[in-house]
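1. this one's structure only:
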């Protein structure tokens with residue numbers, strides 16, 4: 001695990017010797033009450049594992065992509081084959097049928113006779129987009145490789161027909177079964193622990209992907225949104241961890257991606273994005289946590305709890321829905337701030353602050369940040 005310290009006006013990085021975590025050198029995290037790290041050693045930027053870009057396999061010779069096709073020469077159709085009593089048949093296969101975005105699947109349509117001496121074409125049609133992806137004027141097979149930049153489930157069909165660019169085509173002789181190709185999805189979450197620390201102390205950011213990114217073309221990347229900088233990148237495994245300390249009173253916003261490894265913000269080839277996590281560096285002593293059900297069948301109560309009464313102070317306890325940016329609750333007094341809320345079926349990410357009242361999701365004036373709580377609504381079957 002890498003530890004990074006960002007001083008007042010400049011970003012520096014530090015690596016402390018310790019236990020190896022996920023392939024990186026680790027240091028024990030500073031916690032409240034522990035002495036702040038004093039020795040800050042500048043190190044080069046994090047190294048990056050450049051994964052190979054998927055290469056498109058070759059298609060059938062003479063394959064035509066797109067819709068409108070040229071007319072077949074008459075000479076090519078003079079010695080038409082004897083068509084068996086069973087007529088034309090065509091099958092379609094995809095290899096592989098499950099893969100990662102940006103990788104290629106090869107679609108191969110196979111007929112029982114050569115279409116060359118006939119007026120017909122072998123054509124592969126994308127049912128999802130409503131367009132032909134390949135057409136072959138001769139032979140008994142027609143193949144083409146297809147890809148998608150992000151998660152997608154596409155369905156394909158092969159036909160033997162007269163080459164019309166409409167679907168279904170004219171004079172259709174045979175149709176294959178539908179073949180599905182799944183460019184599978186991946187998800188990522190980000191957590192910070194602790195979410196509020198004293199100035200110059202460390203917090204640990206942990207990004208967790210839903211599957212090992214090693215076999216994929218992508219990496220897990222952690223960014224400081226506030227500074228627009230990449231903190232760390234992991235090319236394999238399901239977790240990616242980095243520690244960071246800041247030598248000034250500030251609240252920073254962090255996010256994790258599964259994407260093409262890049263130091264740019266945001267990176268390219270984003271496949272998954274976590275909810276934002278917030279960490280507050282402050283010496284005021286405030287702490288706040290957020291609790292509530294992760295799954296609800298209706299309206300539920302979510303409670304932000306501070307470690308003291310905000311009433312005699314200039315601060316409020318506020319709860320926000322990160323997903324929509326809405327302020328759900330603002331409590332000017334007490335140490336507990338409850339709210340009744342019904343999340344969406346796709347889920348909402350909630351976060352709480354002890355902060356100067358703003359009424360808007362902002363890091364300005366924040367004295368303490370909570371954990372991010374993901375909650376979703378499920379319809380009772």
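-> Received the coordinates, thanks. This one's a predicted model, so the numbers in the text were calculated from it and none came from an experiment.
2. wait, what's in contact with residue 157?
-> Counting by Cβ atoms under 8 Å, 6 or more residues apart in numbering, residue 157 touches 92, 124, 125, 127, 175, 176, 177, 178, 179. From N, CA and C alone the C-beta is placed, and that goes for glycine too.
3. Just give the closest residue to it, not the sequence neighbours.
-> If the residues on either side of it in the chain are set aside, residue 157 comes closest to residue 125, at 4.9 Å by Cβ to Cβ, 6 or more residues apart in numbering.
4. With residue 332 instead?
-> residue 316 (5.4 Å).
5. Distance check, that neighbour against residue 352.
-> 10 Å (Cβ to Cβ, to the nearest Å).
6. so residue 227 sits in a strand?
-> No: Residue 227 is assigned coil when assessed by DSSP: H, G, I helix; E, B strand; the rest coil, not a strand.
7. Quick check on it: phi, psi?
-> Here is the backbone geometry of residue 227 (degrees, to the nearest 10): phi -100, psi -10.
8. That one touches residue 252, doesn't it?
-> Yes: in this structure, residue 227 is within contact of residue 252 by Cβ atoms under 8 Å, at 7.3 Å.
9. if you count what's nearby, which of the two comes out ahead?
-> residue 252 (20 against 14; other Cβ atoms under 10 Å).
10. residues in contact with that one?
-> Residues near residue 252 by Cβ under 8 Å, 6+ apart: 224, 225, 226, 227, 246, 278, 279, 281, 363.
11. before we move on, which element is residue 156 in?
-> Element membership for residue 156, per DSSP states H and E: strand 152-161.
12. typed the wrong thing, it's residue 192
-> strand 188-193.
13. Same question for residue 165.
-> For residue 165, there is no host helix or strand (DSSP H and E).
14. what's the distance between it and residue 130?
-> Residue 165 is 11 Å from residue 130, by Cβ to Cβ.
15. Who has more neighbours out of the two?
-> Comparing residue 165 with residue 130 by other Cβ under 10 Å, the one with more neighbours is residue 165, at 14 against 9.
16. Pretty sure that one sits against residue 132.
-> Yes: look at residue 165 against residue 132 with Cβ under 8 Å: they come within range, at 6.6 Å.
17. Point out where the stretch 151-300 of the chain drops to low pLDDT.
-> Within the stretch 151-300 of the chain, the set of residues satisfying pLDDT under 70 is empty.
18. Identify all residues paired with the residue sitting nearest the centre point of the chain through a beta bridge.
-> Central residue of the chain (Cα atoms, centre = their mean): residue 272, 0.7 Å from the mean position. Counting by DSSP bridges, residue 272 is bridged to residue 258.
19. Give the full set of residues in contact with it.
-> Applying Cβ under 8 Å, 6+ apart, the residues contacting residue 272 are 185, 186, 187, 188, 209, 210, 257, 258, 259.
20. how does it look with 10 Å?
-> 150-151, 185-189, 207, 209-210, 213, 218, 220, 256-259 (Cβ atoms under 10 Å, 6 or more residues apart in numbering).
21. just to revisit the earlier point, possible to save the contacts of residue 252 as JSON lines with distance to residue 63?
-> JSON lines is the format used below for these (distance: Cβ to Cβ, whole Å):
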{"residue": "224", "distance to residue 63": "47"}
{"residue": "225", "distance to residue 63": "45"}
{"residue": "226", "distance to residue 63": "50"}
{"residue": "227", "distance to residue 63": "49"}
{"residue": "246", "distance to residue 63": "56"}
{"residue": "278", "distance to residue 63": "52"}
{"residue": "279", "distance to residue 63": "53"}
{"residue": "281", "distance to residue 63": "59"}
{"residue": "363", "distance to residue 63": "54"}
